[in-house]
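J.: what follows is a predicted protein model with its sequence.
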Amino acid sequence: MPGSASAHGHERTRHRRRTVRHHAVAPVAPEPGFGVPEGTIAAHALTSSDNTLRLVEWDGQTTTLQTGSHAAKPAWMAVLVTGTQLAQACAGGWVHTLDDSPTCGIPGGVSDLALTWDRSRLAKAPGWQDFWDVARHPGRRGLHFGARTTLEIALLADGVAPQDIYPTLSTQAGVDRAFRKLDLLRPYIVWWTTAADAARIMEQSSALMLSAPSTEVTSVSSRVQGGAASSLFVAGTQNVLRTPLFWAIPANVSADNARRTLAQLRMHAPHLEDMPGPVPLGNTPTFLTVSDTFWSQHGEALEQQFEARFAPPTP
């Protein structure tokens, strides 16, 4: 039956040529999240009554805030910033004003910078004066590359009482004193810029002691137990430098979304609590609150001096 065979052959050919076209579905871009300091997510340091809040970490750099607030697509619905950053962002129009008032942020918790040490190499909790004592405690020291907090630490190490830090820094003699103290430690310093940099110093055991955000200490400690680092760092509780944080809504968030975000922030009050772990009995934490007022007035000049003094030479 040649004709029949030929017909079936043509039918098979038609089936082979029949194709099914699937229309590609473009992936849906995630909505902008709520920007929190690096280390916050792993440390579970943000408390909120809304457990669906989508958190994204940012590096805390003012240049990042400025760039992110002017991007075509918002990176954050709201972002945690320092009071100094808030004042600069508000004056520059980088963020929304709130309720037709001059204020541009609402309180969002605190960020703590603690003296942190490798307890596999140092059994007893050190103080900032020990931080400078490389004869008794040899090893590298990690410090934030910037005047803010680093000058305060230098004066604490030089014996200035916490309540006298900003009166001292308000004088040229006090600024010179802080810079001289840093010069003494310069050969031993490993500088870090972002919280992630501080985490790498801990993970790689690149320093015996360092100033570090408490959230990163908690985050690194949780990874250490899984074998990601060869030593375990612990944060001290004395003379911790505490920075108040504020939620701000970037200017590139639409007005409608800004209103909804503000209502969400006020209803759920997401709050960064940066002191890691339980504090041992009888060891009451002490804090030096970083003065946004001081740094708003003197920050630009002091950061320029710091950069000129400690920036590596250009090749």
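T.: Everything's here; your move.
J.: correct me, but Ala195 touches Thr215?
T.: Yes: Ala195 lies in contact with Thr215 (Cβ atoms under 8 Å); the separation is 7.2 Å. Where C-beta positions appear, they are placed from N, C-alpha and C, glycine not excepted.
J.: between these two, which one's more packed in?
T.: Each of Ala195 and Thr215 has its neighbours counted (other Cβ atoms under 10 Å); Thr215 has more, 30 against 23.
J.: dump the host helix or strand of the more buried one to CSV, restricted to CA.
T.: Following DSSP states H and E, one finds Thr215 within helix 214-224. Output of helix 214-224 as CSV, limited to C-alpha atoms (Å, rounded to 0.1, in the frame of the first residue of the first chain):
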residue,chain,number,x,y,z
SER,A,214,28.9,45.2,67.1
THR,A,215,26.6,43.7,64.5
GLU,A,216,29.6,42.5,62.5
VAL,A,217,31.2,40.9,65.6
THR,A,218,28.0,38.9,66.1
SER,A,219,27.8,38.0,62.5
VAL,A,220,31.4,36.9,62.3
SER,A,221,31.1,34.9,65.5
SER,A,222,28.1,32.9,64.1
ARG,A,223,30.2,32.1,61.0
VAL,A,224,33.3,31.1,63.0
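J.: mind checking how far it is from the chain centre?
T.: Using Cα atoms, centre = their mean, to the nearest Å, the mean C-alpha position of helix 214-224 is found 13 Å from that of the whole chain.
J.: next structured bit after it?
T.: Next along the chain from helix 214-224, counting by DSSP H and E, comes strand 233-235.
J.: following the chain past that next one, name the next helix or strand.
T.: By DSSP H and E, the next helix or strand past strand 233-235 is strand 240-248.
J.: tell me what that following strand is packed against?
T.: Here strand 240-248 is seen to pack against strand 76-82, helix 83-92, strand 106-118, strand 287-289 when contacts are counted using 3 or more Cβ pairs under 8 Å, 6 or more residues apart in numbering; DSSP states H and E.
J.: what touches both of Ala195 and Thr215?
T.: 37-39 (Cβ atoms under 8 Å, 6 or more residues apart in numbering).
J.: which of those tops the neighbour count?
T.: Within those, neighbour counts (other Cβ under 10 Å) peak at Pro37, which reaches 28 neighbours.
J.: so where do the strands sit in this protein?
T.: In the chain, the strands defined using DSSP state E lie at 33-37, 46-47, 55-58, 76-82, 106-118, 141-144, 189-192, 209-213, 233-235, 240-248, 271-272, 287-289.
J.: before we move on, the earlier item: quick one: the helix holding Thr215 to strand 106-118, angle?
T.: 50 degrees (axes from the mean of the first three to the mean of the last three Cα atoms, to 10 degrees).
J.: and Gln297, which of the strands of the chain is closest to it?
T.: Counting by Cβ to Cβ, Gln297 lies closest to strand 76-82 out of those; the figure is 14.4 Å.
J.: quick one: low-confidence ranges for the stretch 101-250 of the chain?
T.: 101, 224-231 (pLDDT under 70).
J.: so how far is Ser69 from the residue most central in space within the chain?
T.: Centroid-nearest residue in the chain, with Cα atoms, centre = their mean: Pro37, separated by 3.3 Å. Separation of Pro37 from Ser69 (Cβ to Cβ, to the nearest Å): 17 Å.
J.: Ala248 now?
T.: Computed as Cβ to Cβ, the Ala248 to Ser69 distance reads 9 Å.
J.: quick one: which of these two has more around it?
T.: Each of Ala248 and Ser69 has its neighbours counted (other Cβ under 10 Å); Ala248 has more, 27 against 23.
J.: does that one touch Ala87 like I think?
T.: No: with contact defined as Cβ under 8 Å, Ala248 does not count as touching Ala87 (10.5 Å).
J.: returning to what we had before: measure how the helix holding Thr215 sits relative to strand 209-213, angle-wise.
T.: Using the same axes, to 10 degrees, helix 214-224 lies at 110 degrees relative to strand 209-213.
J.: quick one: work out the angle between helix 214-224 and strand 33-37.
T.: Using the same axes, to 10 degrees: helix 214-224 against strand 33-37 is 90 degrees.
J.: now do the end-to-end distance for stretch 83-102.
T.: Terminal residues of stretch 83-102 lie 14 Å apart, using Cα to Cα, to the nearest Å.
J.: ok, residues contacting it?
T.: Residues contacting stretch 83-102 (Cβ under 8 Å, 6+ apart): 62, 65-66, 69-70, 81, 103-106, 148, 243-244, 246, 248-251, 253, 255, 258, 262, 292, 295-296, 299.
J.: and those residues, which of them are buried?
T.: Of the members of these, the ones counted as buried by neighbours, 16 or more other Cβ atoms under 10 Å, are 65, 69, 81, 104-105, 148, 243, 246, 248-251, 253, 258, 262, 292, 295-296, 299.
J.: near the closest residue to Arg177 other than its chain neighbours, how many other residues are there?
T.: Closest residue to Arg177 apart from its sequence neighbours, by Cβ to Cβ, 6 or more residues apart in numbering: Asp158 at 6.4 Å. Counted by other Cβ under 10 Å, the residues lying close to Asp158 total 18.
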